[in-house]
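1. Compute the structure for the input listed below.
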Amino acid sequence: FYLYRTPLITPAGQPTQADWNPETLIDLERWIQLRTEAERRIVEAGSALPNDTTFVLWDVDVFPDGDSTLAIVINDRSRAPNLSAIREMALGIENPGSVDVGPGRIWVDDLRLDQAADQVGSAIRGNVRVNLADVITLEGSYTNRDAFYRQLGTAPPYESSNDYSARVAAQLGRFLPQSMGLAIPFEFTHRRAASDPYFLSETDVFASGIDGLRTPESSLTRFNTGLYKQTRSNSSFARATIDGLRLGYSYRTSGSTTTQTQADGSGWNGLANWARPVADASFALLPGFLRSAIDGLPTFLSQSVFMKNLRDLRFRWTPRDLRMGVNLAQSRDERRRFVTSTWNASDSAVTPTINRQFVLTPTAGFQLQPFPSVVAGLGWSSSRDLVDPELRVQGDQAQSILESESSTFLGMPTGSDMTRSVRG
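-> Have a look, this model is predicted:
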């Protein structure tokens, strides 16, 4: 809690009207500065209070002109006093002497809050997009909001934000001869978001008073590209292989920081998919003599929708399309959690939590359409973990189990099966 104390004013002689109108001013700014200094000292001590410990800080410990009028008392850091969320106000009388005080009456009246915060907030937002002949596209956006910007009737967030993003997209295939018929899309994006608190979250502590405070920040950089044929090849072999092939690759790096965590990661993904429609090979379901018999029926029967569909019904014995592919993805993400909310030399000694992913995902499938109104298909996929068992689990027994479940294909390791699915 916050503490303020002041001596009672005792009239020297006969009380006058002025004695009934005393005014005591409490500078809340000094309280906030005292709270900020208390937070700084707690952070330097390890951001935690020992059990059954009460932290007390007087103004004489901080300000050269302190007179033991103001103090802050913290016995539970999670419930530290907060002037923006006052739950209780208590008034009392302290007799520091040893002489009893006679009967009397004290009035505390007309509590007022003066000089409330009325800072003007501002925000900026801008976007730009440039299209160069449908070959290259440039995009950018920027948003800035200060700590006091708010809508009418709402409280300020007391946290400034600064966000920007950039994107470059290009069709690199346009720079190749048109006869090649290749499409090579390319895209690069970068996003960054940062915030700078005016007060620490849910407190009345000035963030600027905490040296080396970690402020929220995040960034993401990604690029991806692909390659596929968009025109029909002249060679039948090329049509069966290259025309249905799509290649892709992407890479990303990311990072984020909060007051007590830091995360960094990177990863890439490569894929190759092949799909091809199969030529229709079908035969009439009814033999010729039955079709002729239908034609010999009266016109109102032979020309009915049902009879015409029955006469022309064909059975397709080839699949409508075939598809197969493989996806290979690898990533490594590290996350560190710190005891304090400030940067210090011991941060480098924090052991990160590492999440490794190295997954091979083969897929295959086909679709059948034996009759125009009947469509059926089958799809298969499997996800295989390629991470070294020594990095995935601890303990010789667990590593041996993973190694025994791992397999190879054409001499190349294909890892252990994580999931397998068959869909109709």
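
2. tell me the mean pLDDT over the biggest strand by length in the chain?
-> Counting by DSSP state E, the longest strand found in the chain is strand 353-371. Strand 353-371 shows a mean pLDDT of 91.

3. Flag every buried residue along the helix or strand just after that strand.
-> Sequence order places strand 374-385 as the next helix or strand after strand 353-371, per DSSP states H and E. Neighbour-count burial for strand 374-385, counted by 16 or more other C-beta atoms under 10 Å, picks out Ser381, Ser382, Ser383, Arg384, Asp385. Backbone N, C-alpha and C define where each C-beta goes, glycine included.

4. if I look at the second one, how far off is Asn327?
-> Ser382 sits 11 Å away from Asn327 when distances are taken as C-beta to C-beta, to the nearest Å.

5. Now list whatever residues contact both of those two.
-> Thr361, Pro362, Thr363 (C-beta atoms under 8 Å, 6 or more residues apart in numbering).

6. residue contacts, the nearest residue to Leu247 once chain neighbours are set aside?
-> Ranked by C-beta to C-beta, 6 or more residues apart in numbering and with sequence neighbours excluded, the top spatial neighbour of Leu247 is Leu227, at 4.5 Å. Leu227 is in contact with Leu182, Ala183, Ile184, Arg246, Leu247, Gly248, counting by C-beta under 8 Å, 6+ apart.

7. Could you rerun that using 7 Å?
-> Leu182, Ile184, Leu247 (C-beta atoms under 7 Å, 6 or more residues apart in numbering).

8. Repeat that for Gly92.
-> Per C-beta under 7 Å, 6+ apart, neighbours of Gly92: none.

9. Pop out the phi and psi values for it.
-> Main-chain torsions, Gly92, degrees, to the nearest 10: phi -160, psi 180.

10. Report the separation between Tyr249 and Thr53.
-> 56 Å.

11. same question, Val305
-> For Val305 relative to Thr53 (C-beta to C-beta), the value is 89 Å.

12. Same question for Asp280.
-> To Thr53, Asp280 is 83 Å away according to C-beta to C-beta.

13. show me where the protein has helices.
-> For the chain, the helices defined by DSSP state H cover 28-44, 236-241, 288-295, 299-302, 305-312, 389-392, 396-405.

14. Could you say which of the ones you listed is packed most deeply?
-> Among the helices of the chain, helix 28-44 has the highest mean neighbour count (mean count of other C-beta atoms under 10 Å), at a mean of 18.

15. and that one, how far from the chain's centre?
-> 32 Å (C-alpha atoms, centre = their mean, to the nearest Å).

16. elements contacting it?
-> strand 55-58, strand 70-74 (3 or more C-beta pairs under 7 Å, 6 or more residues apart in numbering; DSSP states H and E).

17. got the buried residues for the shortest one?
-> Buried residues in strand 55-58, defined by neighbour count with 16+ other C-beta under 10 Å: Phe55, Leu57, Trp58.

18. out of everything not next to it in sequence, what's closest to the second one?
-> Right, Leu57. Distances taken as C-beta to C-beta, 6+ apart place Ala38 nearest to Leu57, at 4.8 Å, with adjacent residues excluded.

19. Could you do Ser219 as well?
-> In space, Ser219 is closest to Arg192, 4.5 Å off (C-beta to C-beta, 6+ apart).

20. Identify the residues contacting Leu322.
-> Listed by C-beta under 7 Å, 6+ apart, the contact partners of Leu322 are Arg276, Val278, Phe366.

21. And the shared contacts of Ser382 and Asn327, which is closest to Pro157?
-> Nearest to Pro157 among those is Thr361, at 42.5 Å by C-beta to C-beta.
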